[in-house]
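J.: I'll drop the sequence and a predicted model, then ask my questions.
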Amino acid sequence: MFRFGDYNWRFRLYWGWYVVGSSFIILFFNSGARYSFGVMFKPMIKEFGWMRGSISLAFFINMIIYAILLTVVGRVYDRFGPKWVMLIATFFLFIGHGLIFFIQSLWEFYLYYGIFVAIGFAGTSLPLFASLISKWFAKWRGFAISLSLSGNCLGQFVLLPIFTFITQNYGWRVSYLLIGLLMLIINIPFIIFVLKKEPREMGLIPYGLNNNEDETYKKKKPYFLKNENENDLNLKEAIYTRSFWLFVIVMFVCGSGDFWMITHFIPFATDKGLSPFTAGNIMGWYGLMGLLGVLAAGPSSDLIGNKIPLAVTFLIRFISFIIILIYQDVISFYFFGLTFGFTFLITAPLTATLLGKLYGFSYIGLISGFVTTFHHLGGGFGAYIGGWLFDKTGGYEISLYISALLALIAFASSFLIKEKRHLPRNVILK
C-alpha cells in the first residue's frame, strides 16, 4: 500500500507478470548454455584433433533428441504444468554440462551433450515458456511472450563474451562446468516458487479478459479435468490442415539457419581472419539484436497478424546470406550478425500466437512442441551439414548457398498460411 496525503493506493502486481519475469531470468542464463557451443568449438578441436563434422554431430544428436522430446514434454506440460517438467530438465542440464568437464573421448561428448543436455533443453525450451505465458494473458499476450523470451537474447549478449573470456583464459572445461552450476542455482527457486501453469491455480483469471469472458472462464473446470474449449483442435486434427504443414516448413528452415549460426559462425569468422574475441563479440550483439526482434514481433502480431513478420524475417535472412557470400570483411560479418540476429527469435513468440489463433489454446503445449520439433530437426540438419560440407569442401560457402535457398522457400510458405481460426472437421461438416 502507498500513502500520499489523505489517499491510499493499493498496488498488487498481477501474478502473470511475475511469471514473465521468472521466465525472462531462466532464459537469460539458459541462453548462455545453448549458444556457447560455437565458443567451445575450436578449443575442443584443438585439444582432441576432432573433425568439424564429428563435433557438429554432437550438436546434431542434441537436436534430434531435443526435437523428439519436445512433443512428449509438451503433452506432459499440458497435463501436469511446468514445475516438475522444468525441475527434472534443470538437473539434466546440470549433470550434462558438469560431466563434460571430465570427458576424454568423443563418445562421452555425444552422451553428455548429445543426450543429457538435450533432455534438459527440451524441458526448459522456448515453446514451453511461450505456451505458459499465453495462458496468463488475454490482453497483451504477444507483448508478454516477447518480453519473457527476450531474456534469451539479452543473456546471449551478456554471457557469450564472458564465456569467450573464460574459455580463452581458463579453458572450455571450466566454461561447461560453470554453465551447469548456473543452471542449477538460477532455475530451481523460480521454478518452485513462481511458475504456475495457469491463473486458475491461484484463483485468478487471464489478464485482460472482459466481464463476460471472466464469468465463462470461472465456470470452466480445471485444465486437468476438461479441455478449455471443445472446439479447439488437438494435434491429430491440426495436422489435417494445410496451414499447419506450411508453418512446419517455415520452422524447419528457421531452425536450420539459427543453429548453423550458433555452431559455425565463430569458426567461420575466425577462418576469415577475425579474432575469437571479435567473433564472440559479434555473436553477443547478435543476441542483443534478437532482443529487438523478439520485442518487435509480439506487438506486431497483436497489431497486424503473424504472416507479415514471418515473411519479412526470411527476406532479411536471404539478403544476409547473399551479402556474406559476397563480402567477408569485418564490417560484413558485423552486418551479417546484426541483421540475422534481428530475426533470430522472431518465430518464438509468433509460434504461440499463430498456433493459438489457428487452433485454440487447449492443446497449445503439444501442438507447439510438435511444430518446434521440426524447428530443431532443421537445426540439427543445419549444424551437421555445415560441418560435414566444410570437411568435404574446406569452406562454408555451399552450406550458405543452401541456407539462402531455404530462406526463399520459407518466405513463400509464410504468405500461403491461412491466418484464421480453423475448426475441427466435424464442426465444419455441421
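T.: That came through, no problem.

J.: ok, the closest residue to residue 52 other than its chain neighbours - how many residues close by?
T.: Among residues not flanking residue 52 along the chain, residue 387 sits closest, at 4.2 Å (Cβ to Cβ, 6 or more residues apart in numbering). From N, CA and C alone the C-beta is placed, and that goes for glycine too. Residue 387 has 27 neighbouring residues, counting by other Cβ atoms under 10 Å.

J.: close enough to count as contact, residue 387 and residue 259?
T.: No - between residue 387 and residue 259 there is no contact under Cβ atoms under 8 Å: 11.2 Å.

J.: Now do the buried residues in stretch 408-421.
T.: Using 16 or more other Cβ atoms under 10 Å as the test for burial, stretch 408-421 gives 410, 411, 413, 414, 417.

J.: now those residues as TSV including pLDDT, secondary structure and distance to residue 342?
T.: Shown next, in TSV, are those (pLDDT from 0 to 100; DSSP: H, G, I helix; E, B strand; the rest coil; distance: Cβ to Cβ, whole Å):
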residue	pLDDT	secondary structure	distance to residue 342
410	95	helix	16
411	95	helix	16
413	94	helix	20
414	92	helix	16
417	90	coil	21
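
J.: Closest one of those residues to residue 364?
T.: residue 417 (17.0 Å; Cβ to Cβ).

J.: For that closest one, what are phi and psi?
T.: Phi and psi for residue 417, reported as degrees, to the nearest 10, are phi -70, psi 130.

J.: so where's the stretch 201-350 of the chain uncertain?
T.: 210-230 (pLDDT under 70).

J.: just for the stretch 1-150 of the chain, where's the confidence low?
T.: Across the stretch 1-150 of the chain (using pLDDT under 70), the flagged ranges come out as 1-11.

J.: Show me which positions of the strand or helix carrying residue 388 end up buried.
T.: Assigned by DSSP states H and E, residue 388 falls within helix 364-393. Across helix 364-393, burial judged by 16+ other Cβ under 10 Å covers 364-390.

J.: can you check stretch 316-325 too?
T.: 316, 317, 318, 320, 321, 324, 325.

J.: Make CSV out of those residues and add secondary structure.
T.: CSV is the format used below for the buried residues of stretch 316-325 (DSSP: H, G, I helix; E, B strand; the rest coil):
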residue, secondary structure
316, helix
317, helix
318, helix
320, helix
321, helix
324, helix
325, helix
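
J.: Then residue 231 would be within a helix, right?
T.: No - counting by three-state DSSP, residue 231 is not part of a helix but coil.

J.: Could you count how many residues lie near it?
T.: 15.

J.: From what I see, it and residue 422 are in contact.
T.: No - using Cβ under 8 Å, residue 231 makes no contact with residue 422, being 9.9 Å away.

J.: Might you report the residue contacts of residue 167?
T.: 39, 40, 43, 174, 175 (Cβ atoms under 8 Å, 6 or more residues apart in numbering).

J.: got the phi/psi numbers for it?
T.: According to degrees, to the nearest 10, residue 167 has phi -60, psi -40.

J.: Stretch 101-117: how far from the chain's middle?
T.: 23 Å (Cα atoms, centre = their mean, to the nearest Å).

J.: pretty sure residue 361 belongs to a helix, no?
T.: No - counting by three-state DSSP, one finds residue 361 to be coil, located in no helix.

J.: Quickly note the distance from it to residue 200.
T.: 13 Å (Cβ to Cβ, to the nearest Å).

J.: higher neighbour count, those two?
T.: More crowded of residue 361 and residue 200, by other Cβ under 10 Å: residue 361, with 23 against 18.
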